[in-house]
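Asker: Structure, please.
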Amino acid sequence: MVRTAFWREDRPAIVEDIPAFVCSNCLEQYYDDDVSEALRRLAEEGFPAEAARSQILVPVFSLESRLRRRGPLPDDTFVD
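Answerer: Next up, the predicted model:
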């Protein structure tokens, strides 16, 4: 069982109790068709707050003042 986070516009939604196959080497998660369909339906519903099992307060941090280099990244820089 795993949990994952989805972003919808500017807010996250956490989904727990997801049955998954997890690669023991890279930890990538794979879902069967039934789980994928249930996740798709939940996403299409927009993760309605009234349907949530619980809610948590999530702190938000910025690295803007912590970076040594200032300014935007060059166009050819890959950011994962």
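Asker: count of neighbours near the residue nearest to Gln55 when sequence neighbours are not counted?
Answerer: Nearest residue to Gln55, sequence neighbours excluded (CB to CB, 6 or more residues apart in numbering): Ala49, at 7.2 Å. All C-beta atoms are positioned from the backbone trio N, CA, C, and that covers glycine. Counted with other CB atoms under 10 Å, the neighbours of Ala49 add up to 9.
Asker: does Ala49 really touch Arg8, like I thought?
Answerer: No - the pair Ala49 / Arg8 is not scored as a contact, 10.9 Å apart, by CB atoms under 8 Å.
Asker: Show the end-to-end separation of stretch 4-23, please.
Answerer: End-to-end distance for stretch 4-23, by CA to CA, to the nearest Å: 15 Å.
Asker: Check which helix or strand the residue nearest to the spatial centre of the chain maps to.
Answerer: Computing the C-alpha centroid of the chain and ranking residues by CA atoms, centre = their mean puts Ala5 first, at 2.8 Å. Element membership for Ala5 (DSSP states H and E) is strand 2-8.
Asker: Toward the C-terminus, what is the element adjacent to that strand?
Answerer: Once strand 2-8 ends, the next helix or strand along the chain (criterion: DSSP H and E) is strand 11-18.
Asker: any idea of the angle that following strand forms with strand 2-8?
Answerer: 160 degrees (axes from the mean of the first three to the mean of the last three CA atoms, to 10 degrees).
Asker: which strands and helices sit next to the helix or strand following strand 11-18?
Answerer: Under the assignment DSSP H and E, the closest C-terminal helix or strand after strand 11-18 is strand 21-22. On a contact count with 3 or more CB pairs under 8 Å, 6 or more residues apart in numbering; DSSP states H and E, strand 21-22 meets strand 29-30.
Asker: contacting residues around Arg41?
Answerer: Not one residue lies near Arg41 by CB atoms under 8 Å, 6 or more residues apart in numbering.
Asker: which SS class is it?
Answerer: Classification of Arg41 by DSSP: H, G, I helix; E, B strand; the rest coil places it in helix.
Asker: try the one 5 residues further on
Answerer: Using three-state DSSP, the secondary structure recorded for Gly46 is coil.
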